[in-house]
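In: predicted model and sequence below, questions to follow.
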Amino acid sequence: MTTVGRVGTNFRQIQVDVLLACVLTTLSLITTAHTSGDDGIRPAAGALAALTVAPVALRRVAPVATMTVIMAAELAYSVLGYGDFPNAGAGLLVAMFTVATLCPRTTAAVLCGAMATLTVVVYETAVTPPAWSEVMQAVLVTIVAWMLGRATRSWAREAGRAAARERARIARELHDVVAHHMSVVSLQAGLAGYVMDNDAPTARKAIATVGDSSREALTELRRLLDVLRVDDDDVPASTPPRAAEHLTLLEELVRRTRDSGLPTELTITGERRALPPDIALCLHRVAQESLTNTLKHAGPGATARVTLDHGERTVTLTVTDTGTATVTVPAPAGQPGSYGIRGMRERAALHGGELTAGPRAGGGFEVRLRLPAGVLR
């Protein structure tokens with residue numbers, strides 16, 4: 001018994017299927033009684049008519065078994081001379097759609113062929129065989145049910161992939177926000193503890209930086225959660241920052257990094273212009289992650305430079321440092337340190353750009369991001 005979609009089955013769905021099976025069974029029995037005439041419905045005919053639709057109640061739990069039982073009941077109903085389809089084949093079509101949706105391609109194709117063959121046999125053994133065009137129409141309906149089921153399966157898979165991509169995007173956002181701000185908090189808290197007794201002004205400045213970075217982290221986390229949260233009309237409660245803010249965000253990031261104890265310069269070249277929000281956010285996150293890595297790995301005495309170049313069709317962000325202790329070998333996959341550069345490359349590829357990262361010839365480290373400037377809509 002093969003059931004790919006069993007994981008998604010819940011009690012409410014089964015309740016709906018049971019209700020559908022009850023309705024179809026009742027209608028099938030009424031139809032069978034009407035076609036039996038004054039003789040009344042025969043017990044065997046009634047039982048077989050019920051079996052052509054009642055198994056629909058378990059279609060999500062056991063789709064192959066459900067369709068097999070329905071086909072056997074349809075065949076027996078016809079062979080025993082009770083008629084062709086007591087319910088116009090409704091049970092078969094529902095079962096075929098379910099199998100095509102939940103089962104592998106081979107299983108669905110085999111059962112589709114079996115159902116098409118059954119349709120031809122039932123019509124050919126009828127007391128009054130229908131026209132060949134009517135038989136072909138019935139076979140085509142079977143194929144259409146199979147195709148709709150396969151299309152639904154493909155749509156569900158794509159929806160799952162889209163959800164996975166969205167989870168990955170959210171994970172990148174959380175990683176960038178938390179990693180940067182917590183690195184600043186950790187460094188400044190350590191500095192404050194070290195100079196608390198000997199250099200009170202420096203300690204106070206470090207503690208103030210801890211407070212500012214913590215509040216900024218909370219603000220960004222709230223913004224991210226607000227974007228995920230929807231109201232009653234399924235409209236996002238807030239929108240991403242406006243595209244024109246990307247320079248302000250970058251300047252603020254450099255200022256906070258400088259306050260954290262890492263001398264950092266910002267250079268902006270080219271014609272300044274607004275960028276699409278997704279491009280602006282990508283630039284900000286890559287700069288944030290790069291400066292976070294510099295804070296953690298560049299060592300004492302290091303300096304950093306952030307350069308943003310607005311080209312005609314591209315925008316290029318370069319983050320360099322003069323550190324002597326920069327980690328140049330990525331950590332093994334799965335370890336905490338391995339996500340930073342890999343995550344930046346994934347983010348760049350998501351927006352049609354490219355990112356390179358590695359040690360500089362003269363010492364230090366460089367991260368270069370090139371993105372299409374896009375069209376602001």
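Out: Structure's in. What do you need? Numbers count the residues shown, from 1 in each chain.

In: hey, where'd the strands end up in this protein?
Out: In the chain, the segments counted as strands under DSSP state E are 264-270, 304-310, 314-321, 354-359, 365-372.

In: any chance of these in TSV, plus mean pLDDT, mean neighbour count and distance to residue 99?
Out: Bear in mind the C-beta positions are built from the backbone N, C-alpha and C, glycine included. Listed next are these as TSV, based on pLDDT from 0 to 100; neighbours: other CB atoms under 10 Å; distance: least, CB to CB, whole Å:
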stretch	mean pLDDT	mean neighbour count	distance to residue 99
strand 264-270	90	14	59
strand 304-310	92	19	56
strand 314-321	92	21	50
strand 354-359	91	15	45
strand 365-372	92	20	45
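
In: can you put the ones you listed in a markdown table and add distance to residue 252?
Out: Output for these, formatted as a markdown table (distance: least, CB to CB, whole Å):
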| stretch | distance to residue 252 |
| --- | --- |
| strand 264-270 | 10 |
| strand 304-310 | 12 |
| strand 314-321 | 15 |
| strand 354-359 | 22 |
| strand 365-372 | 19 |
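
In: for residue 49, find the nearest of those strands.
Out: Residue 49 lies closest, by CB to CB, to one member of those: strand 365-372, at 63.1 Å.

In: direction included, what does that closest one pair against?
Out: In the sheet, strand 365-372 lines up against strand 314-321 (antiparallel), strand 354-359 (antiparallel) (DSSP bridges).

In: can you count the residues close to residue 78?
Out: Neighbour count for residue 78, taken as other CB atoms under 10 Å: 21.

In: quick one: the residue nearest to it when sequence neighbours are not counted from residue 27, how far?
Out: Excluding its sequence neighbours, the residue lying closest to residue 78 (CB to CB, 6 or more residues apart in numbering) is residue 122, at 4.4 Å. In this view, residue 122 and residue 27 are 19 Å apart by CB to CB, to the nearest Å.

In: between those two, who's got more neighbours?
Out: residue 122 (22 against 16).

In: for residue 96, which residues are in contact?
Out: 67, 111, 112, 115, 142, 145, 146, 149 (CB atoms under 8 Å, 6 or more residues apart in numbering).

In: rerun that using 6 Å as the cut-off
Out: Taking CB atoms under 6 Å, 6 or more residues apart in numbering as the criterion, residue 96 is in contact with 115, 145, 146.

In: now those residues in CSV, with neighbour count and distance to residue 372?
Out: As requested, those are exported to CSV (neighbours: other CB atoms under 10 Å; distance: CB to CB, whole Å):
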residue, neighbour count, distance to residue 372
115, 26, 50
145, 22, 44
146, 23, 42
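
In: and of the residues you listed, the nearest to residue 321?
Out: residue 146 (59.7 Å).

In: does the closest one touch residue 113 like I think?
Out: No. With contact defined as CB atoms under 6 Å, residue 146 does not reach residue 113; the gap is 9.4 Å.

In: where in the stretch 51-200 of the chain is pLDDT low?
Out: Scanning the stretch 51-200 of the chain for pLDDT under 70 picks out the ranges 126-128, 130, 179-180.

In: and the helices in it?
Out: Listed in chain order, the helices found in the stretch 51-200 of the chain under DSSP state H, counting those that start in this stretch are 63-79, 90-102, 105-124, 132-195, 200-228.
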